[in-house]
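# what's the 3D shape of this:
(2 chains)
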Amino acid sequence: EADIYQTPRYLVIGTGKKITLECSQTMGHDKMYWYQQDPGMELHLIHYSYGVNSTEKGDLSSESTVSRIRTEHFPLTLESARPSHTSQYLCASRCLDRVGCTDTQYFGPGTRLTVL
Amino acid sequence: GENVEQHPSTLSVQEGDSAVIKCTYSDSASNYFPWYKQELGKRPQLIIDIRSNVGEKKDQRIAVTLNKTAKHFSLHITETQPEDSAVYFCAASIPGGFKTIFGAGTRLFVKA
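This next block holds a predicted model:
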């Protein structure tokens, strides 16, 4: 089934650790996004990508980095986790302008990160 | 840049009543307006959307209206039920744009 997958779903980690949050989509979408969201609060765009080898920073300053080596895969990395990074991270994707593209953005289930 | 304002931030209604959430967008080039529902601990999910060539769209108990001149669009939920309790996000995007701009969200409580 076409969907967006995120792993891990929950992560508790100590300060200073390097972590990578995984996001994969089987929807054939070109555009992918990372949002940071405290539970039930605003969605803050931290990174996005138009396609392979293209990444851009979003509206919210973030100490994380992303890569897009394959169309379906858009991992987010924190080199040194801090308690201020504690939040939920949502991955999303959307198709590029082409026949059948609806402009709808679809979200993954999220990773809830806690940094102690 | 594009901005979407959403009101109210919190809305509490009695079961069976109607709920209305309003959004205003700034970029007149916006032509696609989705609404998402996010239940506690879950991902935002699309519940209805509207394009700029349509003034109103309805799907069972939910409807969306769009006023392009005023750059307003609204979500209407009739005969609310406790399971409608969630956070609702409006959004806007422009053709060919790479970003969907989201409102800040409305927390809806439906009291049984």
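# Need the three-state assignment for residue B:74.
strand (DSSP: H, G, I helix; E, B strand; the rest coil).
# And the strands in chain B, which stretches?
B:4-7, B:10-14, B:19-25, B:32-38, B:45-51, B:56-59, B:62-67, B:72-77, B:86-92, B:101-102, B:106-111 (DSSP state E).
# Export those strands as CSV, with columns for mean neighbour count and mean pLDDT.
All C-beta atoms are positioned from the backbone trio N, CA, C, and that covers glycine. Compiled in CSV, the strands of chain B are given as follows (neighbours: other CB atoms under 10 Å in any protein chain shown; pLDDT from 0 to 100):
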stretch, mean neighbour count, mean pLDDT
strand B:4-7, 18, 98
strand B:10-14, 13, 98
strand B:19-25, 20, 98
strand B:32-38, 23, 96
strand B:45-51, 17, 95
strand B:56-59, 12, 95
strand B:62-67, 18, 97
strand B:72-77, 20, 98
strand B:86-92, 25, 97
strand B:101-102, 22, 94
strand B:106-111, 18, 98
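# With respect to residue A:11, which of the ones you listed lies nearest?
Proximity to residue A:11 (CB to CB) singles out strand B:32-38 among those, at 20.5 Å.
# which residues are in contact with the closest one?
Under the contact criterion CB atoms under 8 Å, 6 or more residues apart in numbering or on different chains, strand B:32-38 has outside partners A:40, A:103-105, A:107, B:23, B:25, B:44-52, B:62, B:64, B:66, B:73, B:75, B:86-95, B:100, B:102, B:105.
# With only the CA atoms kept, save it in CSV.
Once non-C-alpha atoms are left out, strand B:32-38 reads as follows in CSV (Å, rounded to 0.1, in the frame of the first residue of the first chain):
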residue,chain,number,x,y,z
TYR,B,32,-5.6,24.9,-3.4
PHE,B,33,-7.0,24.9,0.2
PRO,B,34,-6.9,21.6,2.1
TRP,B,35,-8.1,21.0,5.7
TYR,B,36,-6.5,18.4,7.9
LYS,B,37,-7.7,16.8,11.1
GLN,B,38,-5.1,15.6,13.7
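# That one vs strand B:106-111, what angle?
Inter-element angle recorded for strand B:32-38 and strand B:106-111: 50 degrees (by axes from the mean of the first three to the mean of the last three CA atoms, to 10 degrees).
# what about strand B:32-38, distance to the chain center?
A distance of 5 Å separates the centroid of the chain from that of strand B:32-38, by CA atoms, centre = their mean, to the nearest Å.
# just stretch A:5-22 next, same as before
In terms of CA atoms, centre = their mean, the centre of stretch A:5-22 is found 12 Å from the chain centre.
# Can you get me the start-to-end distance on it?
End-to-end distance of stretch A:5-22 (CA to CA, to the nearest Å): 8 Å.
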